[in-house]
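Visitor: Need the 3D shape of this:
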Amino acid sequence: MQTLTLDQAIERVGFGRFQRRLLWICGAGWAADAMEVLLIAFALPAIGEEWGLTNGQKGLLGTAIFLGMLAGAWGWGWLSDRIGRRTAFVATVLVDSVFGLASAFSPSFLWLLLLRALTGFGVGGTLPVDYSIFAEYLPAEKRGRYLVLLESFWALGTIVAAGLAWLIVPHLGWRWLLAVSALPGLIVFWIRRHVPESPRYLLVSGQTDQARAVLALVGEVNGNPLGEASLAPLAPQPRGKLRDLWAPELRRTSALLWIIWFCMSLGYYGVFIWLPSYFRAKGMAMLPVYQNTFLMALAQLPGYFSAAYLVERWGRRLTLGVYMLASGLFTYFFALATALPTVVAMAIWLSFFALGAWGALYAYTPEAYPTSIRSTGMGVASGMTRIAGALAPSLGAALMGFSLVVPLTVYALSYAVGGLAALALPVETRGQPLADNLQERPAIS
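Guide: Below is the predicted model:
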């Protein structure tokens, strides 16, 4: 009887219907999360008018969900590496949907702050968990492209959120927007209950028979049976610890990734949370604000698709670095633009490159860490995103008091710093198998 390593078994069962289904299941949850995060940007003008909020209060409302996401990213990522991917995979989307729905019934500003933070606690967990479980089912040659395509569902969620805001807020108000946006997550929760545990997680946990059973199921669904081959066991790996992220083999990678995630988030959320307000400040009426934000969301899709192609041609590092530098350039052009057609054009190019950069970053990060700390590494890195995301709305509120150019220049510089850090990453992960321990990581290249 033939004995296969895990990577050989994954190659044998191949890429097919199972992974495509999982892409849509993960992607639907990712789109629902995007709606929960970004809909506040569309609702802020209406909420501010109803409750007479200052810019500082609006910024705090934008910050609340990111504080919850910070706790969620660190907590759920750590938990996923200890009890398995599947439990967190199911629970996170339920948490963000339930509290997202409850926030539509907020009786006051303080209640809305609390419920948006609790919504963020669920949203924050989906990032490390979804990307870990999806990456661990993918053959090496497909992994980069499909991890970027998973991130593209964020654009779909943005498009839906912008479209719903366009249709709902002017006629029914912001509460209906929050309520309707929470419903897709409840549907996704029901579907996710049927996804099996990651075979890679099972194997490194010493559950060889269970891992083989899951791979046999994948092969059956894909039409590529595993046959009678057995799966080579691994000695159970020690549970990853937070300090492992600073092991000599990972120290430089972790430091640069934390810088990249922070800079990417400060630039992205600094622009997009305030985008409707920026458009209003540049002279647009409320309805054209929603229309143009919807067009920007559409521009995100080709940004993702181009990055999905380039991460396999150029590699992860170069694609990420170039797209972040371009994001900074067009953010600055957007700041300087005065004619409305130029404002919209620069915003569209900004959206194209920023979301392509996100896709490349999501492809690289889970590949950079071994299985025992993959979710922890993703969770801590994305925690940098949440810190920056929490700062960005309040920073924007403070700097807009000078002029629109000042905060947008800060965000442009943030993109540029992140782009340079991406080019300095020590390891290119394109075409490499996922590592199960530190010793298996690709050599510095």
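Visitor: can we go C-alpha only for contacts and neighbour counts from here?
Guide: Noted.
Visitor: Which of the helices or strands spans the residue positioned nearest the centre of the chain?
Guide: For the chain, the residue nearest the mean C-alpha position is Leu127 (5.3 Å; Cα atoms, centre = their mean). Following DSSP states H and E, the helix or strand that holds Leu127 is helix 109-135.
Visitor: Count the neighbours of Thr338 for me.
Guide: Look at Thr338: counted by other Cα atoms under 10 Å, it has 12 neighbours.
Visitor: you'd agree it is in a helix?
Guide: No - counting by DSSP: H, G, I helix; E, B strand; the rest coil, Thr338 is located in no helix; its state is coil.
Visitor: you'd agree Ala34 is up against Thr158?
Guide: Yes - Ala34 is within contact range of Thr158, at 5.9 Å (criterion: Cα atoms under 8 Å).
Visitor: More neighbours: the two, which one.
Guide: Thr158 (27 against 22).
Visitor: Is it correct that the more buried one falls within a helix?
Guide: Yes - when three-state DSSP is applied, Thr158 is found to be in a helix.
Visitor: show me the contacts for it.
Guide: Ala31, Ala34, Met35, Leu38, Ala297 (Cα atoms under 8 Å, 6 or more residues apart in numbering).
Visitor: Quick check: closest non-adjacent residue to Pro199.
Guide: Leaving aside its sequence neighbours, Pro199 sits nearest to Ala211 (Cα to Cα, 6 or more residues apart in numbering; 4.3 Å).
Visitor: Just give the number of residues close to Leu395.
Guide: Leu395: 18 neighbours (other Cα under 10 Å).
Visitor: Helices along the stretch 51-200 of the chain, start to end?
Guide: For the stretch 51-200 of the chain, helices defined by DSSP state H, counting those that start in this stretch occupy the ranges 55-83, 85-103, 109-135, 140-172, 174-192, 199-204.
Visitor: circling back: looking only at pLDDT, what's the mean for the helix holding Leu127?
Guide: Across helix 109-135, pLDDT averages out at 86.
Visitor: other SSEs contacting it?
Guide: helix 17-51, helix 55-83, helix 85-103, helix 140-172, helix 340-368, helix 374-399 (3 or more Cα pairs under 8 Å, 6 or more residues apart in numbering; DSSP states H and E).
Visitor: just how off-centre is the last one within its chain?
Guide: Read it as helix 374-399. Taking Cα atoms, centre = their mean, to the nearest Å, the mean C-alpha location of helix 374-399 is offset from the chain mean by 12 Å.
Visitor: Which helix or strand lies directly C-terminal to it?
Guide: Where DSSP H and E defines the elements, the next helix or strand beyond helix 374-399 is helix 405-423.
Visitor: Give me the residues contacting that following helix.
Guide: 256-257, 259-264, 266-268, 270-271, 317-318, 320-325, 327-332, 334-336, 395-396, 399-400.
Visitor: Cross those against helices and list the overlap.
Guide: Using DSSP state H, the members of these that fall within helices are 256-257, 259-264, 266-268, 270-271, 317-318, 320-325, 327-332, 334-336, 395-396, 399.
Visitor: From the contacts of Thr158, keep the buried residues only.
Guide: Ala31, Ala34, Met35, Leu38, Ala297 (16 or more other Cα atoms under 10 Å).
Visitor: and which of these is nearest Ala135?
Guide: Set against Ala135, the nearest of these by Cα to Cα is Ala31 (17.9 Å).
Visitor: That closest one contacts Leu150, correct?
Guide: No - counting by Cα under 8 Å, Ala31 stays clear of Leu150, with 9.5 Å between them.
Visitor: Pull up the overlap in contacts between those two.
Guide: With Cα under 8 Å, 6+ apart, Ala31 and Leu150 have no common neighbours.
Visitor: Narrow the contacts of helix 405-423 to just the buried residues.
Guide: 256-257, 259-264, 266-268, 270-271, 317-318, 320-325, 327-332, 334-336, 395-396, 400.
Visitor: picking that back up, distance of the residue nearest to the centre of the chain relative to Ala34?
Guide: 11 Å (Cα to Cα, to the nearest Å).
Visitor: so Leu234 sits in a helix?
Guide: No - counting by three-state DSSP, Leu234 falls outside a helix, being coil.
Visitor: now it: how far from Pro184?
Guide: In terms of Cα to Cα, Leu234 sits 39 Å off from Pro184.
Visitor: ditto for Thr119
Guide: On the measure of Cα to Cα, Thr119 and Pro184 end up 14 Å apart.
Visitor: With neighbour numbers in mind, choose between those two.
Guide: Using other Cα under 10 Å as the criterion, Thr119 and Pro184 rank with Thr119 on top: 33 against 17.
Visitor: Neighbours of the closest residue to the more buried one other than its chain neighbours, how many?
Guide: Distances taken as Cα to Cα, 6+ apart place Asp96 nearest to Thr119, at 4.3 Å, with adjacent residues excluded. Counted with other Cα under 10 Å, the neighbours of Asp96 add up to 30.
Visitor: cool, and Arg12?
Guide: For Arg12, the neighbour count with other Cα under 10 Å is 17.
Visitor: Now it: which helix or strand?
Guide: Assigned by DSSP H and E, Arg12 falls in helix 6-13.
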